[in-house]
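# sequence isn't available, so here's the structure alone:
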């Protein structure tokens, strides 16, 4: 189920029955849990309606319970109200391009719920530096210094990680806990869309998720990951950003300003 917030028009998953005629201590305890548990997942109505069947499955309930414990016991990124930031930034029907990452950045102040993106003022991580290098090579212009890729999301770029949360300092620590079911379902829903989508698949993890893209009217551009460990093995020189804009132009859609 979801609950509407008047101010930001977002909907939150999960329910908790309100108990009546209990003492003050019990009411206070229940309300504290309710606020925390609901605010764990914030998602717009647009995406909530699309993913509602997944949210009602047993694996997601277990995932959410496990996340409650993780956020209570460890430093987890991104902040719980930014877990679905990538979806909240672009509506389902407005998605033109999907960039699939692995999992969130795992150091303090970096993760913001969108793959490869960091908040304004945060030093660019190595992978994002290489992404900018490739863009600058393709277009011959300088990228902005900011690593906040909200400007891409507002143009229809879905910056989706395969796994949406992570423990501080432990890359892939939330892998295999259930997030892959959700993110694969997101890709499957986009695959069902008749309006073509361009998928940028960098690295083995992204390519594995890309196997769910089966309809021939979509476009898949694959290469090595932009990590310093692999960027010279096929990411640099892949031409994906120009190719992406050429495809969008051929479809009669506005191109992405990657700078």
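Arrived safely. Owing to the predicted nature of the structure, the values given are computational and were not obtained by experimental measurement.

# just the strands in the stretch 1-150 of the chain please.
Secondary structure of the stretch 1-150 of the chain (DSSP state E, counting those that start in this stretch): strands at 2-4, 10-13, 42-44, 76-77, 97-101.

# which of those has the lowest average pLDDT?
Mean pLDDT is lowest for strand 2-4 among the strands of the stretch 1-150 of the chain, at a mean of 43.

# low-confidence ranges, this structure, go.
Within the chain, the segments meeting pLDDT under 70 span 1-40.

# distance of the residue nearest to residue 155 when sequence neighbours are not counted from residue 249?
Nearest residue to residue 155, sequence neighbours excluded (Cβ to Cβ, 6 or more residues apart in numbering): residue 256, at 5.1 Å. Bear in mind the C-beta positions are built from the backbone N, C-alpha and C, glycine included. As defined by Cβ to Cβ, to the nearest Å, residue 256 lies at a distance of 11 Å from residue 249.

# what do you get for residue 243?
Residue 243 is 11 Å from residue 249, where distance means Cβ to Cβ.

# how about residue 48?
With Cβ to Cβ as the criterion, residue 48 and residue 249 are 33 Å apart.

# just want to know which of these two has more residues nearby.
Higher neighbour count among residue 48 and residue 249: residue 48, with 20 against 11, using other Cβ atoms under 10 Å.

# list the helices and strands the helix or strand harbouring residue 182 packs on?
For residue 182, the element it lies in under DSSP states H and E is helix 179-192. With contacts taken as 3 or more Cβ pairs under 8 Å, 6 or more residues apart in numbering; DSSP states H and E, helix 179-192 sits against helix 45-55, helix 58-73, strand 97-101, strand 157-161, helix 204-209.

# how about the ones you listed in JSON lines, adding distance to residue 112?
As requested, these are exported to JSON lines (distance: least, Cβ to Cβ, whole Å):
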{"stretch": "helix 45-55", "distance to residue 112": "17"}
{"stretch": "helix 58-73", "distance to residue 112": "16"}
{"stretch": "strand 97-101", "distance to residue 112": "12"}
{"stretch": "strand 157-161", "distance to residue 112": "10"}
{"stretch": "helix 204-209", "distance to residue 112": "19"}
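
# quick one: which of the ones you listed is nearest residue 173?
The closest of those to residue 173 is helix 58-73. By Cβ to Cβ, the value is 9.0 Å.

# list the buried ones in the closest one?
Of all the residues in helix 58-73, those buried under the rule 16 or more other Cβ atoms under 10 Å are 60, 63-64, 67, 70.

# got the angle between that helix and helix 179-192?
130 degrees (axes from the mean of the first three to the mean of the last three Cα atoms, to 10 degrees).

# which helices and strands does helix 58-73 pack with?
Helix 58-73 sits against helix 24-39, helix 179-192, with contacts defined as 3+ Cβ pairs under 8 Å, 6+ apart.

# apart from its neighbours in sequence, what residue is nearest the most centrally placed residue in the chain?
The centroid of the chain falls nearest to residue 160 when counting by Cα atoms, centre = their mean (3.1 Å). Counting by Cβ to Cβ, 6+ apart, residue 160 lies nearest to residue 86, which is 5.1 Å off, once chain neighbours are set aside.

# same deal with residue 150?
residue 89 (6.5 Å).

# nothing else from me, thank you.
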